[in-house]
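Asker: Quick one: sequence plus predicted model below, questions after.
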Amino acid sequence: MNKDNMKLLVKAIEANKKQFNMAVFLSHVDIPLNENSYQSDRVQYEFIDVGTKLFDCNSVGCIAGFATALANNWTMPKSEEKDDGSDWLIKMNQMKLFSTEANNFLGLTKSEGDNLYSAGECCIWKYLYYFDNKYPLEMDYSNRVNGDADEDDMESWDNDNLFINMNSISPDTAIDVLNRIIDGEIILANEYGEPRFRNSED
């Protein structure tokens, strides 16, 4: 982990809290930004042209989005991945680009980055939801037929049927978690690729 760059990331989010939204790598919005913008679900992924200035007054982004912006002087880098011109593949390539750029800048492995940026199987946010009551995180059961979790789903924190509602991650929560990672209190991925508290056997 590159602690110096992690600290730069924390400072960038602290200075731009209104533009933090964990639900997208980066997106422009058509609503006024305020301290609760992170809760807005009126954001969606959009293709960003190479060289575009990142984080203007109408854009929001997640941890990986902020890290990519810092790594590239606040402009959109060029993907080296080949595509066939389809929107789906362009989107996949650009999402991979954000993750790769952020991991390189922050000095994280792929597993560590996946656990920090994602909502799924072994993400740090699900781990904290189950084992730490410090943050007002919420689960997203929208993929369930009845909109709720089955009892079997709740038995294991890393159940791949469970996802964190990324709009429940506030900038203050992200900042605090990043600081705990910098301080070594939280490990993003152990030898099994799972997040843990240091010296924890959960």
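Answerer: Thanks, I have it. Numbers count the residues shown, from 1 in each chain.

Asker: CA atoms for contacts and neighbours, from now on please.
Answerer: Will do.

Asker: I'd like the next helix or strand past the worst-scoring helix or strand of the chain on mean pLDDT.
Answerer: The weakest-scoring helix or strand in the chain, judged by mean pLDDT, DSSP states H and E, is strand 26-28 (a mean of 74). Going down the chain from strand 26-28, the next helix or strand is strand 59-61, by DSSP states H and E.

Asker: Point out the other helices and strands that that following strand packs with.
Answerer: Under the contact criterion of 3 or more Cα pairs under 8 Å, 6 or more residues apart in numbering; DSSP states H and E, strand 59-61 touches strand 26-28.

Asker: where does this protein have low pLDDT?
Answerer: 28-34, 36-57, 78-94, 141-156, 158, 160, 200-202 (pLDDT under 70).

Asker: all strands of it, in order?
Answerer: 26-28, 59-61, 139-140, 163-164, 186-187, 196-197 (DSSP state E).

Asker: At which residues are the helices of this protein located?
Answerer: For the chain, helices defined by DSSP state H occupy the ranges 3-15, 63-71, 87-106, 110-117, 124-131, 171-182.

Asker: need these in a markdown table with mean neighbour count and distance to Phe197, can you?
Answerer: Formatted as a markdown table, the helices of the chain follow (neighbours: other Cα atoms under 10 Å; distance: least, Cα to Cα, whole Å):
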| stretch | mean neighbour count | distance to Phe197 |
| --- | --- | --- |
| helix 3-15 | 17 | 18 |
| helix 63-71 | 26 | 20 |
| helix 87-106 | 18 | 19 |
| helix 110-117 | 21 | 14 |
| helix 124-131 | 21 | 9 |
| helix 171-182 | 18 | 9 |
